[in-house]
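Peer 1: Model the structure of this input:
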Amino acid sequence: MGESAVRGGKRMRKNKANGGFSLVELIIVIAIMAILVGVMAPQLIKYIEKTNVSADTQLCDTVKRAIEVAINDPEIIADADSDGIRDDFTEPNANFRLDRYGDTLAESLFGKSVAETIGFNPFKGSGLHHNYMKSNPASKDGILCVCVDSTGSHFAVYIAHSDKTGKKRDINDLSSCSYDTVMDSDMIVAK
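Peer 2: Now for the predicted structure:
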């Protein structure tokens, strides 16, 4: 009987050792995880916003490249409906919103060519650009705009009302943004 009691005691200790974590151990693990999340969350948010700004910069670059291709396309050069827009991209110190042209240009050969390249038509309707933007607040208030340098030989596509840090940039008068101002600013821009 003494031997079976010893065996029973070993069995009890063995079962207790495999019983899992105590409540105190679980609370400590949860507290450590909460501290790690508290430390890592701000860095993760910055990383996500940096990725979104990068995506918006890529969007501007894609729009710029699509416009450059359309401007130099011989078929579009011959299209009378596309003349006005081509001139805007070479007029010194021009600054304008892409969506200001409306449906007439959106349905022109120029507009269709750009839309085919980028997947949406930047000339069609106000307020649609922000649907394709990811950074904050570009996704809420962003407007694709263009500015031309003083010689008329270069243009940049930028997103008004945001910057590379994800903060809102208040610009009430978009026409006041010169090419040099845009290029020296923190705005999201394709150079």
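
Peer 1: distance of the nearest residue to Asp61 once chain neighbours are set aside from Ile71?
Peer 2: Nearest non-adjacent residue to Asp61, counting by CB to CB, 6 or more residues apart in numbering: Ala190, 3.9 Å away. In this view, the C-beta of every residue, glycine as well, is placed from N, C-alpha and C. According to CB to CB, to the nearest Å, Ala190 stands 15 Å off from Ile71.

Peer 1: and after the longest helix anywhere in the chain, which helix or strand comes next?
Peer 2: Criterion DSSP state H: the longest helix present in the chain is helix 23-72. Following helix 23-72 in sequence order, the next helix or strand is helix 74-77 (DSSP states H and E).

Peer 1: buried stuff in the following helix or strand past that next one?
Peer 2: Next in sequence after helix 74-77, counting helices and strands by DSSP H and E, comes helix 83-88. Neighbour counts over helix 83-88 (16 or more other CB atoms under 10 Å) mark 85-86, 88 as buried.

Peer 1: Asp88 contacts Leu98, doesn't it?
Peer 2: No. Taking contacts as CB atoms under 8 Å, Asp88 lies outside contact range of Leu98: 9.9 Å.

Peer 1: and for those two, which residues touch both?
Peer 2: Val146 (CB atoms under 8 Å, 6 or more residues apart in numbering).

Peer 1: Where does Gly152 sit: helix, strand or coil?
Peer 2: When classified by DSSP: H, G, I helix; E, B strand; the rest coil, Gly152 comes out as coil.

Peer 1: any low-confidence regions in this structure?
Peer 2: 1-19, 125-128, 137, 166-176 (pLDDT under 70).

Peer 1: what's around Val29, how many residues?
Peer 2: If you count neighbours by other CB atoms under 10 Å, Val29 ends up with 11.
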